[in-house]
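*Asks:* This is the structure alone, sequence omitted:
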């Protein structure tokens, strides 16, 4: 869970606080667990929501749409390391990073992300496309 929180929040202190607060919520809401999903999935939802609450701002910054193309996949040469990729992902704006990680790393569907973030599915798709474009640009600038 810590890794998910760290990736979503982008720094160690926030991830540690979210983990602690998430566990408090898990234990305090454990009697309400209905078994409709696995315990792990239920807990993960609580932790992701805890991270998202910390990321919420009055308005999400909007990127310039005109330069963004519809990217459906990313591919890079074999010299790209996990460490470089992790740093590139962490450098994305909060909204882009959150949608990218939830969909591409954690396996959520656009509908689930839209529900979690209180946005439309179209916005989720747009944010993912923009995140991929930005990530591709960042890594390209680094020579990958």
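*Replies:* Okay, I see it. As the structure is a prediction and not an experimental result, all values here were calculated from the model. Residues are numbered from 1 along each chain as shown.
*Asks:* Can you tell me what sits against stretch 38-53?
*Replies:* Contacts to stretch 38-53, defined as C-beta atoms under 8 Å, 6 or more residues apart in numbering, come from residues 1, 4-5, 8-9, 15, 18-19, 21-22, 25-26, 29, 33, 98, 102, 106, 116-117. In short, each C-beta sits where N, CA and C put it, glycine included.
*Asks:* Low-confidence ranges, this structure, go.
*Replies:* For the chain, the stretches with pLDDT under 70 are 57-77.
*Asks:* Tell me which residue is most central in it.
*Replies:* In the chain, the residue lying closest to the centroid (C-alpha atoms, centre = their mean) is residue 98, at 2.5 Å.
*Asks:* Quickly list the domain ranges of this structure.
*Replies:* Domain ranges of the chain: 1-58, 71-144, per automatic domain parsing.
*Asks:* which residues in the chain form helices?
*Replies:* Listed in chain order, the helices of the chain (DSSP state H) span 2-9, 12-29, 39-55, 82-90, 94-100, 110-117, 121-141.
*Asks:* any idea which of the ones you listed is most buried?
*Replies:* helix 94-100 (a mean of 23; mean count of other C-beta atoms under 10 Å).
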